[in-house]
Structures are given as C-alpha cells and as structure tokens.
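> Just a sequence and a predicted model for now, questions to come.
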Amino acid sequence: MKVFVTRVIPAEGRQLMIEAGLEVREWKEKRGLSQKELISNTQDCHALLSVGTRLDKEFLQASAHLKVIALHSVGYDNVDVKTATALGIPIGNTPGVLSGATADTAFLLMLATSRKAFYMHKSIIKGEWGFFDPTADLGIELRGKTLGVFGLGKIGLEMAKCCAAAFGMQVIYHNRRKNEAAEKEVSARWVSFDELLEQSDVLTVHTALTSETRGKFDWSAFTKMKPRSIFINTARGEIHNEGDLLRALEEKQIWGAGLDVTNPEPMRSDHPLLNMPNVSVLPHIGSATEETRAAMSVLAAKNIIAGLKGEQIPFIVNPGVYK
Ligand SMILES: NC(=O)C1=CN([C@@H]2O[C@H](COP(=O)(O)OP(=O)(O)OC[C@H]3O[C@@H](n4cnc5c(N)ncnc54)[C@H](O)[C@@H]3O)[C@@H](O)[C@H]2O)C=CC1
Ligand SMILES: O=C(O)C(=O)CO
C-alpha cells in the first residue's frame, strides 16, 4: 500500500512505515504543494501523512478513497474534520510528545521579551553597543509574578510548571471547564476570562484555534490587560488580532509580546512588530527539536499503519468516524 507524505519527515517515522511494508512517497520540493498537486499525488495512494497542509472540503471529496489521514501536528484547525468524518476518513494527530518543546518555546519567548533579548542582539549586529547606561534598555523581572494561562491543557500545563519552578510564578488560568488535575500540579486557580486579562503579568495562550478562540485577543481584550504585562502566543496566530496587538503595544496598553505564531504565516519581513524592542517573534518553531520531531513522525506513522490495517488509529481526532 502507498502513503503520500506532504514533506520530508524524520527518518524514524519513515522507517517505521517502510518496515510495515508500505511504499512511502514524500514531496521533496522546497515549496508547498498546490491543491491540484496534492489531489493528483494522492490519487493512487491509500493514506496521506500531512505536514501542515490545508485539507479542505474540495480536497477531501476528491480523495474520499483514503483509508486514513495522519497529521504531523497536534493542531488540526487546517483540516475540515466534519467532511472527513462524513466521508468515513479517520484523522490522526500527535498529542503529548510535543508539549515539552512547545512550552519551552513559550518560556523562551517570555524570558526573551522580558529582557528585550532579540532586539538587543540585533543592536550589536547594527554596531549600536555603546557605553554602559544604567537607565537604558531595562527589562521586567518575572520572579513572583502571576502567569495567566489561556487553555491549561497539555502544553499550558508544561509552561505553568516551568514558570512555577523557575520563577515561583503564581498560576491562574481560564478554560471552559476546570482542569482539576492540572490545578493540583501547579496550584493553579481558575478565573474568568476578564479576570485572566486583568490579573496576569504574563498571559500565555495555549488553546486550539476554534470558532470560540478565533480573534479572542482583540483590542477590547488588550485594553483590559495590565500596562506592564507581556502577551505570549505559541498556539495559533488567528487567536490574536495582529493589528490590535500592534496598536496595544504602540499605545502602551501592554508592555511586550512574544509570538511563535502569526497571522498570516510567514510574517512579512518588514512587519512593524519585528522592530519593537519589547517584541520577540519566532517562525513557528514550537515543536522543532530533533527529539520531538522524531517522536511526532513515529506517532504519525503509527496512525498510518493502524489505519491501513483497518484498526482504530491510536491518536484519533474524529472518533465519531468509528460509530
Ligand atoms: N507553535 C507550535 O509549534 C505548536 C502549537 N500548538 C498549538 O497548541 C494548541 C494546544 O495544544 P495542546 O496543549 O496539546 O492541546 P490540549 O487540548 O491539551 O489543550 C488545550 C486546552 O485549551 C482548552 N480550551 C479549548 N477551548 C477553549 C476555550 N474556548 N476557552 C478556554 N480554554 C479552551 C482545553 O480545555 C484544553 O485544556 C494546539 O491546538 C496547537 O494549535 C501545538 C504544538 C506546537
Ligand atoms: O503540532 C502543531 O499543532 C504545530 O503547530 C506544530 O508542531
């Protein structure tokens, strides 16, 4: 049986599929696939392993013969899951294995932003390292401050643990429902969304992108935050409104921001956020460690192998497909 893979993936996952007797065809070009290329490459395949490729209704309807689709990500906001379920196609993702690496990225952005690290690094390259000025380029300390987590799930909990252990930060969070197990692990306290905005010194976003979370951090939200607070988003760029974020920073409604995700991606290289001292931006590298990407490829391969054997896939996004 044949699997089409929309990017070259780590050897660990590829090898697992080859050992299971599958023919693996990877898209090796340094550019994304067009919709036409995606459809034509998938036509003679039994499964698709998708690395960040948008899978919309048109694609799914043209590829209804697929026995399984495995995503090389935990997020599945770029897939029309409803259509896949209606067509009987199981969708798999890669939960858990990337929580540590993604939380590390949120932590890195928090610390870098609080000390203007990216901006100061660029100032050396520009030849601006002058005399020692005790009043210039001052950051904000994190010790004993309040971390607000929007979405205390797997990644949010890892971030909360890091912040509590490293800086003794108190953790508050907002989920639709309380996460009592996580509350115990980091002594976290549930608050309303408005209380999260009002009380957080650092507010870090870790929800999936859904119709409820899209655009959640807009002008109205930023104006409720503390003037010396830092906003971190490693979840999805569409959860904040980038224009409103820029304005909130320019008008000093908030102090700083750290983003691993932007809207759109890639961010344009002359975006004004990239020149602000209190802003740190990374190009969506949350899960980008050797260990994590290898583990993600293995989970995706396991989903493909199980799906092609006609078994229930181990990491399923749409369990309703089996009912
Ligand atoms: N930057 C990157 O490279 C990466 C980004 N991500 C993003 O992080 C997201 C979270 O991943 P996990 O922690 O594994 O997911 P998870 O499902 O374990 O946690 C998400 C949490 O958000 C909460 N939540 C959902 N809707 C909410 C709402 N409307 N209001 C408040 N809370 C809500 C859920 O109850 C859950 O506790 C992914 O969906 C993905 O978009 C994930 C991995 C890497
Ligand atoms: O897993 C995800 O959802 C990502 O964004 C990349 O790892």
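Thanks, I have it. Ligands and ions are numbered 1, 2, ... in the order given.

> Touching, Lys116 and Gly139? I think so.
Yes. Under the criterion of CB atoms under 8 Å, Lys116 makes contact with Gly139 at 5.7 Å. To be clear about C-beta, it is placed using only N, CA and C from the backbone, and glycine gets the same treatment.

> any idea of the pLDDT on whichever residue of the stretch 201-323 of the chain sits closest to ligand 2?
Across the stretch 201-323 of the chain, the shortest distance to ligand 2 (CB to the nearest ligand atom) belongs to Ser287, at 3.4 Å. Looking at Ser287, its pLDDT stands at 98.

> burial measure for it, as a count.
25 (other CB atoms under 10 Å).

> Tell me which helix or strand it sits in.
Using DSSP states H and E, Ser287 sits in no helix or strand.

> what's the answer for Glu198, then?
Per DSSP H and E: Glu198 is located in helix 193-199.

> So that helix, near ligand 1 or not?
No. With CB under 6 Å from any ligand atom as the criterion, ligand 1 is not reached by helix 193-199; the gap is at least 7.5 Å.

> The helix or strand that that helix is followed by: how far from the chain's middle?
As assigned by DSSP H and E, the chain's next helix or strand after helix 193-199 is strand 202-205. Chain-centre distance of strand 202-205: 13 Å, with CA atoms, centre = their mean, to the nearest Å.

> elements contacting strand 202-205?
Secondary-structure packing of strand 202-205 (3 or more CB pairs under 8 Å, 6 or more residues apart in numbering; DSSP states H and E): helix 99-114, strand 146-150, helix 154-167, strand 230-233.

> CA atoms of that strand as CSV?
C-alpha atoms of strand 202-205 as CSV (Å, rounded to 0.1, in the frame of the first residue of the first chain):
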residue,chain,number,x,y,z
VAL,A,202,2.4,37.3,31.7
LEU,A,203,-0.6,35.9,29.7
THR,A,204,0.2,32.8,27.6
VAL,A,205,-2.1,31.3,25.0
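
> strand partners of it, parallel vs antiparallel please.
Partner strands and pairing direction for strand 202-205 (DSSP bridges) are strand 146-150 (parallel), strand 230-233 (parallel).

> hmm, who's touching stretch 47-56?
By CB atoms under 8 Å, 6 or more residues apart in numbering, the residues outside stretch 47-56 that reach it are 1-7, 9, 13, 22, 32-33, 35, 38, 42, 63, 66-73, 78-80, 84, 300-301, 304, 307-308.

> Report the buried members of those residues.
Buried by 16 or more other CB atoms under 10 Å: 3-7, 9, 13, 22, 33, 38, 42, 63, 66-73, 79-80, 84, 300-301, 304, 307-308, out of the contacts of stretch 47-56.

> can you tell me which of these are in strands?
Among those, the ones falling in strands (DSSP state E) are 3-5, 68-71.

> Find the helix or strand that the closest residue to Glu212 other than its chain neighbours is a member of.
The spatially closest residue to Glu212, leaving aside those adjacent along the chain, is Arg176, at 7.9 Å (CB to CB, 6 or more residues apart in numbering). Here Arg176, judged by DSSP H and E, is contained in no helix and no strand.

> Could you report the distance from Arg176 to Met159?
To Met159, Arg176 is 19 Å away according to CB to CB, to the nearest Å.

> count of neighbours near Ser114?
There are 22 residues near Ser114, going by other CB under 10 Å.

> actually Ser123, sorry about that
Using other CB under 10 Å, Ser123 has 15 other residues around it.

> give the contact list for it.
Counting by CB under 8 Å, 6+ apart, Ser123 touches Trp129.

> how distant is the helix or strand where it lies from the center of its chain?
Applying DSSP H and E as the criterion places Ser123 in helix 117-125. Mean-position distance between helix 117-125 and its chain equals 25 Å (CA atoms, centre = their mean).

> ok, which residues in the stretch 51-200 of the chain are in contact with ligand 1?
74-75, 95, 98-99, 102, 151-156, 174-176, 179.

> Return the members of the residues you listed classed as buried.
When those are checked for burial by 16+ other CB under 10 Å, the buried set is 74-75, 95, 98-99, 102, 151-156, 174-175, 179.

> and the closest residue to Gly320 other than its chain neighbours, how many neighbours?
Spatial nearest neighbour of Gly320, chain neighbours left out: Thr85 (5.3 Å); criterion: CB to CB, 6+ apart. Using other CB under 10 Å, Thr85 has 19 other residues around it.
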